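A.B. asks: what shape does this take:
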Amino acid sequence: MKKTSLLLIFITVVGIIITISCERDDICPESTATTPSLIIDAYDVDSTDDLLAVNDLLVYGTDNDEILSGYAIATVSQIVLPLKTDVNTTRYALVKDAFVNDNDTPDDTNDDYLDGNTDYVTINYTREEVYVSRACGYKTIYKNVTFTIEPDSDNWIKSRQPLNDNQSVEDETETHFNIFH
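C.D. replies: Down below sits the predicted model:
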């Protein structure tokens, strides 16, 4: 009887120790800021204090031709572009007045393509890894960010303006660049 009581007490103590030493699952909360995207506001080139939506905007990365979610022919005054975390340059095609050109064969969708006024933009930066937490790991912030518009004969983006000297992208709570069109 005494041995049984001691065994029961031992098992209970071991069980309590194991339970106390366990930690809850480490899950990164959705509210935790992770790697930020570049935020661009679009303004009227003739009235630089007025936001001006970009009509029928299509955005895709030039290295993968995948349309950026939320920008498959959308009218927006703010553009949010994710930046690469493994290289110091990201390049996008921003297509204004985008439309599906059916190549004069409306019944045959195999030869359709997207058309419009395309401007290519290149974003250069230096990357810095910042520790967030054990659950979330690291995030990348971007320093010395530059935004270049590739010149062509029909640029719809007339100019751009960083909101700060030595622009950095550390969060998604504020605009980083303005474009004028």
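A.B. asks: from the contact counts, what lies against the lengthiest strand in the chain?
C.D. replies: In the chain, with assignment by DSSP state E, the single longest strand is strand 113-133. In this structure, strand 113-133 packs against strand 54-61, strand 89-101, strand 137-149, with contacts taken as 3 or more CB pairs under 8 Å, 6 or more residues apart in numbering; DSSP states H and E. (Each C-beta comes from the backbone N, C-alpha and C, glycine too.)
A.B. asks: closest one to Ile11 among the ones you listed?
C.D. replies: Nearest to Ile11 among the helices and strands packed on strand 113-133 is strand 137-149; the distance by CB to CB comes to 37.8 Å.
A.B. asks: quick one: the closest one to strand 113-133, angle?
C.D. replies: Counting by axes from the mean of the first three to the mean of the last three CA atoms, to 10 degrees, strand 137-149 points 140 degrees away from the direction of strand 113-133.
A.B. asks: please identify the buried residues of strand 137-149?
C.D. replies: 139-142, 145, 147, 149 (16 or more other CB atoms under 10 Å).
A.B. asks: elements contacting it?
C.D. replies: So strand 137-149, by 3+ CB pairs under 8 Å, 6+ apart, packs with strand 38-43, strand 113-133, strand 159-162.
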